[in-house]
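Participant: based on what follows, work out the 3D shape:
(2 chains)
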Amino acid sequence: MKSTSLVSISDLTHEEILYLLKCAGYFEQHPNHKILDGRVVATLFFEPSTRTRLSFETAVNRLGGRVIGFSDAASTSTSKGETLKDTIKMVSNYVDLIIMRHHLEGAARYASEVTDIPIINAGDGANQHPSQTMLDLYSIYKTQGRLDNLDITLVGDLKYGRTVHSLLMAMPRFKPRFKFVACDELRMPAEYRDYCDKMGIEFSESTVFSPEVINNSDIIYMTRVQRERFTDFSEYEKVKNLYTLHNSMLDNSRPNLKILHPLPRVNEIDRDVDDNPKAYYFEQARNGLFARQAIICRALGIDPLSLHD
Amino acid sequence: MTNNKKELAVAALKDGTVIDHIPSAALFKAVKILGIENMDKHITIGFNLESRKLGKKGIIKVSDTEFDESTLNRIAIIAPHAVVNTIRDFEVADKRAVTLPETVIGIVRCPNPKCISNNEPMSTRLHIINRDPVILRCHYCNHTINGADATLV
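Facilitator: The predicted model follows:
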């Protein structure tokens, strides 16, 4: 296997996605397979993100690799005016893989063009966050036993939520049926609706988080409606509680339904849902570890399944 | 050329290039792309001329100059219907439409202020995702922009 960067979920073929899911499944069974012995990985977090960084660093550590890096650009030469290119070139001399998060959109793509070391994008502004998408796909696959022909409902901020956009872009070959639930201000952008039309993906839209929508879903993917997304705060006050999921709303839902959320949540999922077996968001975050172990191996050109055999 | 009285009314050209069918709104961007501000040749720029196709159009005539293919094709971003006439000894020696490249590098600015290409010393890179009307997508941040609204680097 050749080493390769992962900047966007669209860098992956359908077959590669399936293979990564298989690898994630393997790592769930063997989380401490030390196949990165002697490898050094840099986690460059120009923008802080505790959750994603800890997940990636745990993944490297469990695979037996070593981690160097920083979690805040303020302590680096970036604060002295060093360009991203120079930072990447410099770090490339030391490590086998760079995992980076940056507040500027397209930073990871650019980084992958200035170095021969593989880059994993751990989030570039509002643009891409492919490891989140992989863990979402793995969570769906694990809970439903399949990825095809599922009823997937996306709720909340469908306009700015990059996780829902990436998930949507990753799904077409699996022929999902989408339901988009959002207020007009946060409606799924035309670009993604057009994409669904082009790819022949069925979808419906609703401004109401109704029992009908809930009871006809295999997956409900909740997202946070952020106050700062609204130009008119009175509009935010009007809609902020319209898309909150309460336990009682799940009474007549499908037995296989799972509730996903990229976290952190604020009040879009009531605490009373947490004990319902259909709540899956904490396990979902745990799946991130296995999905990231799979992504790291791909980036380094290591095939864990062949090593295992 | 002799049968085109409108063009002759502006200026007859012995040798050089005439770029026609530029939407008026795009004319001064085209001037910038061609870099003719700094040339010492005879140059005629027509603005807000009548056009059946475009309503108002612009036209640029530059004497004793033939532009290279890549420069002319940049004009396609803002004026996809522009026509380039190469004039030799008062005759139209060549007449052709501009053609859009697949990717434009270092020509159009990405409209997203949070894009890496607006924050690093680097060339912008946008892909043409639709030809008529022209729509470009940033190679880095994936933002899209209409060719007509494009800001040049």
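
Participant: ok, the residue of the stretch 151-300 of chain A found nearest chain B - contacts?
Facilitator: Using CB to the nearest CB, the closest approach of the stretch 151-300 of chain A to chain B is made by A:E191 at 7.4 Å. For the C-beta atoms, the positions are set from N, CA and C on the backbone; glycine is no exception. Contact analysis of A:E191 by CB atoms under 8 Å, 6 or more residues apart in numbering or on different chains lists B:T144.

Participant: the biggest helix by length in chain B: which residues count as buried?
Facilitator: Criterion DSSP state H: the longest helix present in chain B is helix B:69-78. Within helix B:69-78, the residues that count as buried by 16 or more other CB atoms under 10 Å in any protein chain shown are B:L72, B:N73, B:R74, B:I75, B:A76, B:I77, B:I78.

Participant: same question for stretch A:299-309.
Facilitator: For stretch A:299-309, the neighbour count (16+ other CB under 10 Å) marks A:A299, A:L300, A:I302, A:P304 as buried.

Participant: which one of these is nearest B:N48?
Facilitator: Sorting the buried residues of stretch A:299-309 by how near they are to B:N48, with CB to CB, puts A:A299 at the top with 55.8 Å.

Participant: surely that closest one meets A:D11?
Facilitator: No - if you go by CB atoms under 8 Å, A:A299 and A:D11 don't touch, sitting 10.9 Å apart.

Participant: returning to what we had before: with secondary structure as added columns, please give the buried residues of stretch A:299-309 in TSV.
Facilitator: Converted to TSV, the buried residues of stretch A:299-309 look like this (DSSP: H, G, I helix; E, B strand; the rest coil):
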residue	secondary structure
A:A299	helix
A:L300	helix
A:I302	coil
A:P304	helix
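
Participant: near chain B, which of those show up?
Facilitator: For chain B, no contacts are drawn from the buried residues of stretch A:299-309 by CB under 8 Å from any CB of the partner chain.

Participant: reformat those residues as a markdown table; add pLDDT and distance to B:N38.
Facilitator: Conversion of those to a markdown table gives the following (pLDDT from 0 to 100; distance: CB to CB, whole Å):
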| residue | pLDDT | distance to B:N38 |
| --- | --- | --- |
| A:A299 | 97 | 47 |
| A:L300 | 96 | 51 |
| A:I302 | 95 | 55 |
| A:P304 | 93 | 60 |
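
Participant: so what's whichever residue of the stretch 101-250 of chain A sits closest to chain B closest to, chain neighbours aside?
Facilitator: In the stretch 101-250 of chain A, the residue that lies nearest chain B is A:G106 (2.5 Å; CB to the nearest CB). Once flanking residues are discounted, A:G106 sits nearest to B:Y140: 2.5 Å by CB to CB, 6 or more residues apart in numbering or on different chains.

Participant: my read: the one you found touches A:A111, true?
Facilitator: No - here B:Y140 does not reach A:A111: they are 10.3 Å apart, not a contact under CB under 8 Å.

Participant: let me see the contact set for the closest residue to B:N119 other than its chain neighbours.
Facilitator: Using CB to CB, 6+ apart and skipping the chain neighbours, the partner closest in space to B:N119 is A:L104 (5.5 Å). Contacts for A:L104 (CB under 8 Å, 6+ apart) come out as A:L84, A:D124, A:G125, B:K114, B:C115, B:I116, B:N119.

Participant: and the closest residue in space to the fifth one that isn't next to it in sequence, how many neighbours?
Facilitator: Nearest residue to B:C115, sequence neighbours excluded (CB to CB, 6+ apart): B:C141, at 4.0 Å. The tally of other residues near B:C141 (other CB atoms under 10 Å in any protein chain shown) stands at 25.

Participant: give the contact list for B:V108.
Facilitator: B:I77, B:T124, B:L126, B:L136, B:I145, B:A150, B:T151, B:L152, B:V153.

Participant: chain A: helices as residue ranges?
Facilitator: Along chain A, the segments classed as helices by DSSP H run A:14-29, A:50-62, A:84-92, A:107-114, A:130-144, A:162-170, A:190-199, A:211-215, A:233-239, A:281-300, A:304-308.

Participant: what's the answer for chain B, then?
Facilitator: Taking DSSP H, the helices of chain B run over residues B:5-10, B:27-34, B:69-78.

Participant: what helices and strands are in contact with the last one?
Facilitator: It stands for helix B:69-78. strand B:16-23, helix B:27-34, strand B:134-138 (3 or more CB pairs under 8 Å, 6 or more residues apart in numbering or on different chains; DSSP states H and E).

Participant: ok, residues contacting it?
Facilitator: Here helix B:69-78 has contacts from B:19, B:22-23, B:26, B:29-30, B:33-35, B:82, B:84, B:98-101, B:104, B:107-108, B:128, B:134, B:136, B:147-148, B:150, using CB under 8 Å, 6+ apart.

Participant: which among those count as buried?
Facilitator: Among the contacts of helix B:69-78, those classed as buried by neighbour count (16+ other CB under 10 Å) are B:19, B:22-23, B:26, B:29-30, B:33-34, B:82, B:84, B:98, B:100, B:104, B:107-108, B:128, B:134, B:136, B:147-148, B:150.

Participant: taking the centroid of the chain, which residue is nearest it?
Facilitator: Since no chain was named, I'll use chain A. The centroid of chain A falls nearest to A:Q132 when counting by CA atoms, centre = their mean (1.4 Å).
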